[in-house]
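1. Next come a sequence and a model predicted from it.
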Amino acid sequence: MKVLVIGGGGREHALVWSLRKSPAVTEVIAAPGNGGIAQLARCIPVDVNNLHALIDIVAVENPALTVIGPEVPLALGIVDELAARGHRVFGPTQAAARLESSKAFAKDFMRRHDIPTAAYALCTSLDEVREQLPRFATPVVVKASGLAAGKGVVICDTHAEALSIAAEIFSGALLGTADTEIVLEEFLTGEELSFFALCDGTHAIPIAAAQDHKRVGEGDTGPNTGGMGAYSTDSLASPELTRWIIDNVAQKVVDGMAQEGTPFRGILFIGLMMTPRGPMVLEFNTRFGDPETQAILLRLETDILDLFNASIDGTADRLNIKMLPGASACVIAASGGYPGKYTSGIPIEGLATPTDPSVVVFHSGTSLKDGRLLTAGGRVLTITAHADNLRNSLEKAYNQLQKISFENMQYRRDIGHRALRN
């Protein structure tokens, strides 16, 4: 069967890599793909924010399955449009994707369905921000309600700073585009956990847990990014914790969305904070996360096509998802200046295929020009490795990273530091 993957980042490279391992998949196409994906799949140039262009590609290629990687096409309603045209597609509808595309919707949804989350206030003007801020101790979290590529969350030490950040979100100065709604949120402390569940509109079943590293600097310093690295181990979520997350969060989401007439199918990515008061939901994503997906898919033993089919067909409860034991870890090699301004088009050296099959370099932002691989994004490469434990998987990833170079390359040298310390 022919499968089309929408997207062109490290997550999509990992999805394409996983699909290529399925005996049922005869061809993989990516739109737009990237320099690394082009070594595994036929790539079709397209703007992933152009819904009509994406629909045209599906109409022409007529794949047996279309897998949606990024959040923007989901928020634009690509699943609705393709399903209405009779195409088989993996991902949530536009209404269901509001769990990610609108933090305001997600917070109110959690309140309605008794899902544990931080105290919050929704504000549509600076006057409302001023009115609501006294409710919150400092630090206080200010979030843009809409999609922000992982950069729309700011932890503010003072109310004055919170007001200033809110003004920048409303004006568009912070993210480049203005948002009309802001979430003020109680600041939570504890260990963060990313949890992936597969949903089919009726059932939610666990896939795996991971831990992301959002801050650009070592020691978790500096501004938030889309993620600078991640790791996945079975010990991140015990069987008891996994059951609790499914019962108290994932299944409640599936049940609540069904009750509200917007069944949720696809990947539910749950961002949690393990607080002294218990696990609290920070956010939802309605697709595979990046870079957690790269770490998790390296451990996935079950044919990924089985996950997609179970979600679409409503049979997730019959699926037993198996993961490799041990640990996987990934480290992002990013352009200098990221998550701020950076330069693209820089040649990448040392990208020979790893000799160890447990090490994979996924391309997050690369392009091919005259046979040369060039940087083409803020996050450029995701160096990923699996081993019997976290320390060894990180050692493999960093050893591979030492062979790679491009001008002004930056990366964190402390991925997994909290787990290694503990």
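-> Great, that's in hand.
2. in the sheet, who's paired with A385?
-> The residues paired with A385 through beta bridges, assigned by DSSP bridges, are A329, V359.
3. can you give me the strands in the stretch 201-350 of the chain?
-> 204-212, 215-217, 221-224, 229-233, 265-275, 278-285, 327-334 (DSSP state E, counting those that start in this stretch).
4. residue nearest the centroid of the chain?
-> Centroid-nearest residue in the chain, with CA atoms, centre = their mean: G289, separated by 1.7 Å.
5. right, and it touches L193 too?
-> No. Taking contacts as CB atoms under 8 Å, G289 lies outside contact range of L193: 11.9 Å. To be clear about C-beta, it is placed using only N, CA and C from the backbone, and glycine gets the same treatment.
6. which residues are in contact with both of the two?
-> Here G289 and L193 share the contacting residues A210, scored by CB atoms under 8 Å, 6 or more residues apart in numbering.
7. For Q259, grab the count of nearby residues.
-> Counted by other CB atoms under 10 Å, the residues lying close to Q259 total 11.
8. where does the protein have low pLDDT?
-> By pLDDT under 70, the low-scoring segments of the chain are 149-150.
9. Now with 80, please.
-> Within the chain, the stretches falling below the threshold (pLDDT under 80) are 148-151, 175, 422.
10. nearest spatial neighbour of I6, skipping sequence neighbours?
-> Among residues not flanking I6 along the chain, I68 sits closest, at 5.0 Å (CB to CB, 6 or more residues apart in numbering).
11. Determine the number of other residues adjacent to that neighbour.
-> Other residues near I68 number 29, with proximity taken as other CB under 10 Å.
12. L82: what's it in contact with?
-> Neighbouring residues of L82 by CB under 8 Å, 6+ apart: I55, V58, T66, V89.
13. Who are the packing partners of the strand or helix carrying the second one?
-> Secondary structure here is read from DSSP states H and E; on that basis V58 sits in helix 51-61. Contact partners of helix 51-61 among helices and strands, from 3 or more CB pairs under 8 Å, 6 or more residues apart in numbering; DSSP states H and E: strand 2-7, strand 27-32, helix 71-76, helix 78-84.
14. Tell me which of these sits nearest to I246.
-> helix 71-76 (22.5 Å; CB to CB).
15. For H87, which three-state class applies?
-> Here H87 is coil, with the state taken from DSSP: H, G, I helix; E, B strand; the rest coil.
16. Return the residues in contact with it.
-> Contacts were defined as CB under 8 Å, 6+ apart; by that measure H87 touches V58, N62, P63, T66.
17. of all the helices and strands packed on helix 51-61, which lies closest to D247?
-> Comparing the helices and strands packed on helix 51-61 by their distance to D247 (CB to CB), the top pick is helix 71-76, with 25.8 Å.
18. Run the chain-centre distance for that closest one.
-> Its chain's C-alpha centre lies 13 Å from the corresponding centre of helix 71-76 when counted by CA atoms, centre = their mean, to the nearest Å.
19. circling back to that earlier point, tabulate the helices and strands packed on helix 51-61 (JSON lines), appending distance to E128.
-> Compiled in JSON lines, the helices and strands packed on helix 51-61 are given as follows (distance: least, CB to CB, whole Å):
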{"stretch": "strand 2-7", "distance to E128": "36"}
{"stretch": "strand 27-32", "distance to E128": "40"}
{"stretch": "helix 71-76", "distance to E128": "24"}
{"stretch": "helix 78-84", "distance to E128": "32"}
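20. Please identify the most buried of the ones you listed.
-> strand 2-7 (a mean of 25; mean count of other CB atoms under 10 Å).
21. following that one, which helix or strand shows up next?
-> Once the chain leaves strand 2-7, the next helix or strand it forms, by DSSP H and E, is helix 10-20.
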